[in-house]
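**Q** sequence plus the predicted model coming up.
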Amino acid sequence: MSTAIDARPAEGLPVDGEPLLVVDDLSTTFATPRGPVRAVEHVDLSLPRGRTLGIVGESGSGKSVLSRSIMGLMPSYASRTGSVRFEGVEMLGADHSTLRKVWGAEMSMIFQDPMTALNPVKKIGNQITESIKEHLDYSSAQRRDTAIALLRSVGIPEPERRLNQYPHELSGGMRQRVVIAIALACGPALLFADEPTTALDVTVQAQILDLIADQQEEREMAVILVTHDLGVVATRADEIAVMYGGRIVEQAPTATLFREMRHPYTEALLRSIPRLDLPSHTRLEAISGRPPDLLHPPAGCRFAARCPYAQDRCRTEEPPLVAEPGGRADHLYRCWYPVGIAREQTTLDTIAEEAHVREPGDEQAVDLELVDDDAVEGNVD
Amino acid sequence: MAGSGTAHLGDPSDALLRVENLHVRFRTGRGTVFAVTDLSIDIRKGETLGLVGESGCGKSTTGRAIMQLPPPTEGSVTYAGDDLTRLHGEDLRRTRTKLQMIFQDPISSLNPRRPVQDIVAEGLRIWAKSAFSPLAIVAAVLTLIGIILLGIAVFGAGIGPAAVFGLLALIAGVGAGAFHLAGFGQPTDPSVEGKVREVLDAVGLDPDVAWNRRPHQFSGGQCQRISIARALVTEPDLIICDEPVSALDVSVQAQILNLLEDLKAQYGLTLVFIAHDLAVVKNVSDRVAVMYLGRICEVGPPDVIYAAPAHPYTRLLLDAIPEPDPDHRGRRAPEQGELPSPLAPPSGCHFRTRCPRADERCAAEVPLMAPTGDGRFVACHHPLVETAVAVASTPVG
Amino acid sequence: MPAETPIAQLNMAIEPAAADETPAAVKAKGIGVIGWVAAVWLILVVVVAILAPVLPIDDPEAPGAGRALPLFTEGHVLGTDSSQRDVLSRLVWGARASLTVSVGAVAMGMVFGGTLGLVSGYRRGRIDTILSSLFDVMLAFPQLVLALSLVAFLKPTAPQAGAGEVVEAAGGLTTIQILILALGIIAIPLLARITRATSLTWSQREFVTAARAQGAKDLRIMIREVLPNALPAMFSIALLSVGIAIIGEGALSVLGMGVEPPAPSWGNMIAENRSVSRAPLNALFCPVIALFLTVMALNYLGDAIRARFDVRESSL
């Protein structure tokens, strides 16, 4: 794409009222020796400034691939089709120098593991100022001041002293704060947080999520929060996209999703997590089987093989991602026989009411299917 | 918190295993790490004891110290009348087969080069009577030839082709002997095969399918099932589950938790369930012990503790958990500072540096366990729930 | 791109994932075309070396008269050297000597170095400290000098003419055995270090803890759990070491301490004919090329075998 970064409109002004990020029919395919793996298919998203989109899924669902596909951080054997417009500029096929101006400055990413995301032999101060040096025309004194301000804003005590420390001198939580400070250094408009707290303790996790929320409010930043933890997105995201087998299977504003979930997978996910408010020894409803092989995806609905409600149609014909006719336009799902319409609605409360203590001999979801040797390479994510 | 004391220990006759005044310290380049400090806990027959806390609280170290892998620095671990810390060699190895472990990482805990039946059968084969196999005969003959030829060389003939051959025979003989002692060349025992089939069946794997496959052909959840089968095969009384589900996806996690509960009932097991996830621990435990920086904060039935935590640290943990419920939005985690270094834990109560209720007494005295009257014990000078008796304490020193 | 920008970090972070997704499959089956070519060459060399006594070739040590013959002479495909000895025959017999020395030395290194490395990596602690220091000391010697001294030490001094008495001490050892001993001692710390490093990582895996929990003795764990996982790395290094040992024998020959002429080894063939101005070129380059191809083949096969047997840990 030849559009130079300078051609885009002044900072913050959307083009024709378009949201900050518009993803249109994005698919990502990995070329493997065993054939193409369609890790992400037909994803449409839009995200205005200041909002948080939660992407939820299990490993292999394509959630991490999706966030990296949007950002353009792809290995050479991946190919993308569709469109990703960021601040009105098409990012798909943009040349490397354009992307480099955007990466770190306009879009940045927080990784799961703060141990590997920081360079162990560089002082923290230098790691923070690196991207400022790259993208902004600051003097070294200004860079230092910015770095100190950043460290203070992410809640690191004695920031002046920390500038001269190395990553190993900090605890895991502190390191993740440094990673966030680096991501925020150039005031990005869009922040990707890929499992930002999975490697951290619960008490630290809460602090880090609060920190991201504060920074988001202060900077009117859009955030894409990728996680496997429904608890994290329930309280942090404005909108949630549930991914399964490389597709978005349900997408809705957070409150709607939890009150009127439509897709059996969302329901199953919510039923399978142990909850604090339910008594001890409550039987969990596990999902049997395992995610589809993306090298040879099934013909119909990707979830059909594991779905308790699946019927013949589900196995032959893939449902489209649509809103319910006459229902909320912002609640999309991909199911022929949705929960709450084709059958009774499940919510957090109904799960709590149905909770029962385990007894020996309860039916047990099993997972007997072997990993096929040929399919091994098919698992991406 | 983080207290000492033994008030919470039940009647020794109910206990399957009793840990008293356990200390674990590691020497590192930067100083001594106080991983576990003066910890006492009893594990009662047939219960699931949950050990919960953040990373670095010593929960895994406690689990391993019970197994004597490695043995604790101080303290006693009493099982079936024996103090495991005083057992050595064969006695320890034999007693320990009644205690088994399941690990967090399903990949790391299975040897990638061995087929499933071999992995599961290992526990039985280790204790099988060593038969006099052809391998042993070969080893003995070669060693003998080697010694004779070398002897002849030394006492006269000098170094020649016979001596060189003797040396080679000796090396080969010793090598074959080592392999014999490692259990190679033993005849297959049909009763072992039957037992392996039985446990594979019990953990929900088809023995015929799984039999000769290697771990990489299984998913994470299935690998965890294999680990459980391996632990079950020696018919243990106690299984220590060290974060058995934290590396798994939520849907698989539920399968494994349900499986563990079923097996516990089926085999009459006692479980120690170590995890950082409070919801998971609550789901499977009969009793929960919350740990912080090497000590126990409170211990009691999960429904009691989770409904009204008595220790400020438990409160902090529970407040920090994100509930999968959008109504909880906007609740902020309290700022609680950082975990102190285990190289230099605070004096008195270990939690005092992050505790909103801490005062001078907390710095001066280690709180002891005191009952709250509902089956729960707490070690705190200023608990959130009234204790039945005033919290006793020991001065620092 | 400057290496340490956050962008670079982003790329770095994506790399491991990329490595997982890419083709474990490329290496998954077989050892590849190059691996097979290397294997065929090595098999050829080994078979020829073993069959040397029965092959219809000239006596490698019988000198003829006259000038050296060039390549493709009738009856002497690779020509003869300046003493009119058939180069092909000397190459075949030389392979026999060179391979015996190098394989024997590496086998010795594997057995002793491997055992010490396995114990050191598995037990850790004091034993490891002592053994590792020992390996380090041995590796600190210049290896060729060490080999030279060992050969000089082990070699019997030349029998006094007429005295008729065989010299005692290490008297009975043949030159080949002495070379195996000398090069084997040098191979021990090399193989021990590699074995120690791999067994150290495998010993920390949880299946080792599980085996201990089940009551397995250390010997059983070392042999059944750790060794099979350490073997591919050991084997691949051993193949490389065979190449190094062949060259090492050559280096000793150049210094006059290798296989004793007139018996041929690749090393002393090169040594005898190294003065290009006087020696016939075919007599120099035939062993050089054979040596080069064999060492290359060993390197490739070592890599291919390691790649082939690198365990696939998971499908997660």
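**A** Yes, it's here.
**Q** contact residues of the stretch 101-250 of chain A facing chain B?
**A** Counting by C-beta under 8 Å from any C-beta of the partner chain, the stretch 101-250 of chain A comes close to chain B at A:171-174, A:201-207, A:209-210, A:228-232, A:234-236. Any C-beta I mention is one placed from the backbone N, CA and C, and that applies to glycine too.
**Q** what about the stretch 51-200 of chain B, any weak spots by pLDDT?
**A** Residue ranges of the stretch 51-200 of chain B with pLDDT under 70: B:157.
**Q** spatially central residue for chain A, please.
**A** Most central in chain A under C-alpha atoms, centre = their mean is residue A:226, positioned 2.1 Å from the mean C-alpha point.
**Q** measure how buried whichever residue of the stretch 201-350 of chain B sits closest to chain C is and give me the count.
**A** Relative to chain C, the nearest point of the stretch 201-350 of chain B is residue B:216 (4.5 Å; C-beta to the nearest C-beta). For residue B:216, the count of nearby residues is 18 (other C-beta atoms under 10 Å in any protein chain shown).
**Q** and it, helix, strand or coil?
**A** Counting by DSSP: H, G, I helix; E, B strand; the rest coil, the backbone at residue B:216 sits in helix.
**Q** you'd agree it is up against residue B:113?
**A** No - Residue B:216 is beyond contact range of residue B:113, at 10.0 Å (criterion: C-beta atoms under 8 Å).
**Q** about what we covered before: the residue nearest to the centre of chain A bridge partners, please.
**A** Beta bridges link residue A:226 to residue A:55, residue A:194 when assigned by DSSP bridges.
**Q** read off the pLDDT value for the residue of the stretch 201-350 of chain B closest to chain C.
**A** On pLDDT, residue B:216 comes in at 85.
**Q** residue B:356 too?
**A** With respect to pLDDT, residue B:356 scores 86.
**Q** now residue C:294: which helix or strand?
**A** According to DSSP states H and E, residue C:294 maps onto helix C:281-309.
**Q** smallest gap between the stretch 151-300 of chain A and chain B, at which residue?
**A** Among the residues of the stretch 151-300 of chain A, residue A:206 lies closest to chain B, at 3.1 Å counting by C-beta to the nearest C-beta.
**Q** how far is the host helix or strand of that residue from where the chain is centred?
**A** In this structure, residue A:206 sits in helix A:202-219 according to DSSP H and E. Helix A:202-219 has its C-alpha centroid displaced from the chain centroid by 16 Å (C-alpha atoms, centre = their mean, to the nearest Å).
**Q** now residue 357. Nearest residue, chain neighbours left out?
**A** Picked chain A for this. With C-beta to C-beta, 6 or more residues apart in numbering or on different chains as the criterion, residue A:357 has its nearest non-adjacent residue at 4.8 Å, and that residue is residue A:281.
**Q** my question was about chain B
**A** For residue B:357, the spatially nearest residue (C-beta to C-beta, 6+ apart) is residue B:382, at 4.3 Å.
**Q** is it true that the one you found lies in a strand?
**A** No - secondary structure of residue B:382 (three-state DSSP): coil, not part of a strand.
**Q** against chain C, how distant is it?
**A** 40 Å (C-beta to the nearest C-beta, to the nearest Å).
**Q** pLDDT weak spots in the chain?
**A** No chain was given, so I picked chain A. A:1-17, A:342, A:358-381.
**Q** my bad, chain C
**A** C:1-30, C:64-77, C:156-172, C:276-279, C:311-316.
**Q** now residue A:35: how far from chain C?
**A** For residue A:35, the distance to chain C equals 10 Å [C-beta to the nearest C-beta].
**Q** burial measure for the residue nearest to that residue when sequence neighbours are not counted, as a count.
**A** Closest residue to residue A:35 apart from its sequence neighbours, by C-beta to C-beta, 6+ apart: residue A:295 at 5.7 Å. Residue A:295 sits with 20 neighbouring residues when counted by other C-beta under 10 Å.
**Q** and residue A:295, that's in a helix?
**A** No - counting by three-state DSSP, residue A:295 is not part of a helix but coil.
**Q** surely it is in contact with residue A:32?
**A** Yes - the criterion here is C-beta under 8 Å, and residue A:295 meets it with residue A:32 at 7.4 Å.
**Q** all the helices of the stretch 101-250 of chain C, residue numbers only.
**A** Ranges of helices within the stretch 101-250 of chain C are C:114-123, C:125-140, C:143-154, C:175-203, C:206-213, C:218-221, C:227-254, based on DSSP state H, counting those that start in this stretch.
**Q** is there any residue in stretch B:220-228 that contacts chain A?
**A** Yes - using C-beta under 8 Å from any C-beta, stretch B:220-228 reaches chain A at B:221, B:222, B:225.
**Q** now that stretch: mean pLDDT?
**A** Here stretch B:220-228 scores 91 as its mean pLDDT.
**Q** now stretch B:328-337
**A** Mean pLDDT, stretch B:328-337: 67.
**Q** are any of the residues of stretch B:220-228 next to chain A buried, and which?
**A** With neighbours counted by 16 or more other C-beta atoms under 10 Å in any protein chain shown, these contain buried members at B:221, B:222, B:225.
**Q** just the ones in helices from those residues, please.
**A** Judged by DSSP state H, helices contain the following of those: B:221, B:222, B:225.
**Q** sec struct for the closest residue to the first one other than its chain neighbours, please.
**A** Closest residue in space to residue B:221, ignoring its immediate chain neighbours: residue B:252 at 3.7 Å, by C-beta to C-beta, 6+ apart. Counting by three-state DSSP, the backbone at residue B:252 sits in helix.
**Q** count of neighbours near residue B:252?
**A** Residue B:252, neighbours per other C-beta under 10 Å, totals 26.
**Q** just to check, it is in contact with residue B:219?
**A** Yes - if you go by C-beta under 8 Å, residue B:252 and residue B:219 touch, sitting 7.5 Å apart.
**Q** where exactly do the helices run in the stretch 1-150 of chain B?
**A** B:59-67, B:89-96, B:116-127, B:134-152.
**Q** hang on, the earlier thing: can you put the ones in helices among the buried ones among the residues of stretch B:220-228 next to chain A in CSV and add distance to residue A:125?
**A** What follows is these, written out as CSV (distance: C-beta to C-beta, whole Å):
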residue, distance to residue A:125
B:221, 44
B:222, 47
B:225, 48
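**Q** tell me if residue B:259 really is in a helix.
**A** Yes - secondary structure of residue B:259 (three-state DSSP): part of a helix.
**Q** enumerate every residue touching it.
**A** Contacts for residue B:259 (C-beta atoms under 8 Å, 6 or more residues apart in numbering or on different chains) come out as A:364, B:203, B:204, B:225, B:228.
**Q** now do the contacts for the fourth one.
**A** Contacts here follow C-beta under 8 Å, 6+ apart; on that basis residue B:225 touches A:367, B:203, B:204, B:205, B:256, B:259.
**Q** change it to 6 Å
**A** By C-beta atoms under 6 Å, 6 or more residues apart in numbering or on different chains, the contact list for residue B:225 reads B:203, B:205.
**Q** from residue B:254, how far out is it?
**A** As judged by C-beta to C-beta, to the nearest Å, residue B:225 and residue B:254 stand 14 Å apart.
**Q** could you do residue B:309 as well?
**A** Applying C-beta to C-beta, the value for residue B:309 to residue B:254 is 25 Å.
**Q** related to what we said a few turns ago, nearest to residue C:48, of the ones in helices among the buried ones among the residues of stretch B:220-228 next to chain A?
**A** Minimum distance to residue C:48 across those is 49.7 Å, recorded for residue B:222 (C-beta to C-beta).
**Q** show me the beta-bridge partners of the closest residue to residue B:38 other than its chain neighbours.
**A** Once flanking residues are discounted, residue B:38 sits nearest to residue B:4: 4.4 Å by C-beta to C-beta, 6+ apart. Note on residue B:4: beta-bridge partners by DSSP bridges are residue B:368.
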